[in-house]
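# Quick one, what's the 3D model for this:
(one chain, ligands or ions: 2)
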Amino acid sequence: MIAFLRKIFLVDLLKGLWLTLTYTPEPAFTFQYPRERRPTAPRFRGLLRLQVEPGTGAQVCIVCDQCAKACPDDLISLGGHREPGQKLKALDYFDFNLSRCSFCGLCSEACPTKPIKALIMSEDYELGVYSRQEQILRIDEMYDGVKIEQYTH
Ligand code: SF4
Ligand code: SF4
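Ligands and ions are numbered 1, 2, ... in the order given. Okay, the predicted model is just below:
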């Protein structure tokens with residue numbers, strides 16, 4: 001009987017409408033992207049980037065291969081060589097297959113360099129390209145500071 005009366009008097013419908021009405025006076029939470037950009041969260045995980053020493057531009061990566069080993073999908077491939085008399089290896093290539101990356105951050109977490117982390121998850125998120133080949137990022141495209149596409153219309 002109660003269920004029947006609820007149906008007759010449209011109780012559920014009115015409850016739903018009331019809930020909608022309570023939210024109506026609040027301003028719309030909308031960004032006019034790409035003109036307006038929502039700030040990224042402090043621990044946002046965007047495109048992987050390599051970093052250099054800020055003052056000198058020197059290589060931070062020690063070519064330890066830990067990021068490549070940590071990646072569950074085997075998306076990172078890197079290599080380097082040691083110059084005679086040098087302690088640190090020079091990074092020769094760093095290939096990253098963005099197309100299958102799940103942005104889990106395991107590679108960046110495994111990177112051991114301090115105080116500057118060689119491999120970070122940046123705030124870059126505009127990653128659209130027109131071919132799969134463009135999603136294979138080579139060493140030059142991995143360095144922080146490479147121009148980021150900013151869509152304007
Ligand atoms: S973020 Fe995760 S999936 Fe992407 S390269 Fe790093 S470890 Fe691999
Ligand atoms: S874990 Fe860091 S230091 Fe080691 S190879 Fe990867 S980017 Fe370079």
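# Direction included, what does the longest strand belonging to the chain pair against?
With secondary structure taken from DSSP state E, the chain has its longest strand at strand 90-97. Here strand 90-97 has these sheet partners by DSSP bridges: strand 76-81 (antiparallel), strand 136-137 (antiparallel).
# what's the most buried one of the ones you listed?
Mean neighbours per residue, mean count of other C-beta atoms under 10 Å, is largest over the strands paired with strand 90-97 for strand 136-137, with a mean of 18. In this view, the C-beta of every residue, glycine as well, is placed from N, C-alpha and C.
# what residues are up against the residue nearest the centre of the chain?
The residue lying closest to the centre of the chain (C-alpha atoms, centre = their mean) is G46, at 1.2 Å. Contacts for G46 (C-beta atoms under 8 Å, 6 or more residues apart in numbering) come out as 40, 103, 121-125.
# Can I get these in JSON lines including neighbour count, secondary structure and distance to ligand 2?
Formatted as JSON lines, these follow (neighbours: other C-beta atoms under 10 Å; DSSP: H, G, I helix; E, B strand; the rest coil; distance: C-beta to the nearest ligand atom, whole Å):
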{"residue": "T40", "neighbour count": "13", "secondary structure": "coil", "distance to ligand 2": "22"}
{"residue": "F103", "neighbour count": "13", "secondary structure": "coil", "distance to ligand 2": "16"}
{"residue": "M121", "neighbour count": "20", "secondary structure": "strand", "distance to ligand 2": "12"}
{"residue": "S122", "neighbour count": "19", "secondary structure": "coil", "distance to ligand 2": "13"}
{"residue": "E123", "neighbour count": "15", "secondary structure": "coil", "distance to ligand 2": "18"}
{"residue": "D124", "neighbour count": "17", "secondary structure": "coil", "distance to ligand 2": "17"}
{"residue": "Y125", "neighbour count": "14", "secondary structure": "coil", "distance to ligand 2": "21"}
